[in-house]
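Chemist: pasting the sequence and the predicted coordinates here, then a few questions.
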Amino acid sequence: MTVLFHDGNRQLQDQFDSRRIADRLEEKLTRRAFSPSDRAFIEGAMAFFLATADAAGRPDCSFKGGAPGFVRVVGDDELAFPDYDGNGMFKSLGNIVANPAVGLLFIDMGSQPRRLRVNGTARVSRDDPMMQRFAGAQLLVRVKAQAIFPNCPRYIVTPGATEPSTYAPRPGYQPPEPAWKGFDDFKDYVHPRQKTPDGL
C-alpha cells in the first residue's frame, strides 16, 4: 500500500507511463523514520517551507526560518519547531488547528544541492515543555512523519545565480539526464521522456 500516491497521482502517472518509477522511488527512498543523515540535515537547516491547508482544502505555503537547530528531530518519526513572533495572522498554524496534514520541504542551495520532504500530521501547543529550549518561541509545533523522502535537486540554483539550472529545459537546448536515472536501483524503471498529452 502506498503512502505517497492517490488516484490523482496515479491518473497522471499512467498517462506518462511513470507508475513503475514512482513505485520504485517510493520503495527505495521513502521511509517513516529519520536517518542520521536526515537528522543532521534538518537540524543544520536555517529555513524550510511549510505547506498546510484549512478544513476546506484551501492551501497555504509559508517560509520558516531560524538559527541552525531551530528544527529538532525529537523521535524516530517526529520533529518539532518553534513558532516565533510574526504578523499575527497565524495562517499556517491556524490551518494546522483545523487540518493537521502538513508537508515540509528542506532545501540546501549550496554547492551540493539537496532536498528533503517530510509529510505528516502536526499539532500546535502553547505549553509543550520543549518550548523552553527555544528563546522567543510563542508556540511549538510537533510533526509526526508519515513519509520522509529526498527529491532530485536538479533544478535548484545557488543564491545569486544568473543562469537557470543546467537541467532546465529551454528553446534550442537539450538538458542532460540526471545521474540518478542511471543508478542500478532505478535505471530499469525510468520512463521515456514524453510530450505533454493533449488537454494538459
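Modeler: Cool, got the structure.

Chemist: quick one, what contacts Arg24?
Modeler: Taking C-beta atoms under 8 Å, 6 or more residues apart in numbering, we find Arg24 in contact with Asp185, Phe186, Tyr189. Every C-beta, even on glycine, is put in place using the N, C-alpha and C of the backbone.

Chemist: is it true that the first one touches Ile21?
Modeler: This means Asp185. No: in this structure, Asp185 is not within contact of Ile21 by C-beta atoms under 8 Å, at 10.6 Å.

Chemist: who's in contact with the residue nearest in space to the middle of the chain?
Modeler: Central residue of the chain (C-alpha atoms, centre = their mean): Arg117, 2.5 Å from the mean position. Residues counted as contacts of Arg117 (C-beta under 8 Å, 6+ apart) are Gly103, Leu104, Leu105, Phe106, Ala147, Ile148, Phe149, Pro150, Asn151.

Chemist: returning to what we had before: which among the contacts of Arg24 gets closest to Phe49?
Modeler: Proximity of the contacts of Arg24 to Phe49 (C-beta to C-beta) peaks at Phe186, which lies at 25.9 Å.

Chemist: my guess is the closest one meets Glu27, correct?
Modeler: No: in terms of C-beta under 8 Å, Phe186 does not count as a neighbour of Glu27; the distance is 10.3 Å.

Chemist: distance of Pro175 relative to Tyr167?
Modeler: 5 Å (C-beta to C-beta, to the nearest Å).

Chemist: likewise for Leu25?
Modeler: Distance, Leu25 to Tyr167, using C-beta to C-beta: 17 Å.

Chemist: which of these two has more residues huddled nearby?
Modeler: Leu25 (20 against 14; other C-beta atoms under 10 Å).

Chemist: and the gap between the more buried one and Ser165?
Modeler: 20 Å.

Chemist: need the longest helix for this protein.
Modeler: helix 19-29 (DSSP state H).

Chemist: now do the buried residues in that helix.
Modeler: Residues Arg19, Ile21, Ala22, Leu25 are the ones in helix 19-29 that count as buried (16 or more other C-beta atoms under 10 Å).

Chemist: try stretch 173-183
Modeler: For stretch 173-183, by 16+ other C-beta under 10 Å, it's Trp180.

Chemist: pLDDT on it, on average?
Modeler: The average pLDDT for stretch 173-183 rounds to 90.

Chemist: contacts for it, please.
Modeler: So stretch 173-183 is contacted by Cys152, Arg154, Thr166, Tyr167, Ala168, Pro169, Phe186, Lys187, Val190 (C-beta under 8 Å, 6+ apart).

Chemist: what of stretch 75-89?
Modeler: Contacts of stretch 75-89 (C-beta under 8 Å, 6+ apart): 32-34, 42, 64, 66, 70-74, 93, 104, 118, 120, 124, 128, 130-131, 134, 136-145, 148.
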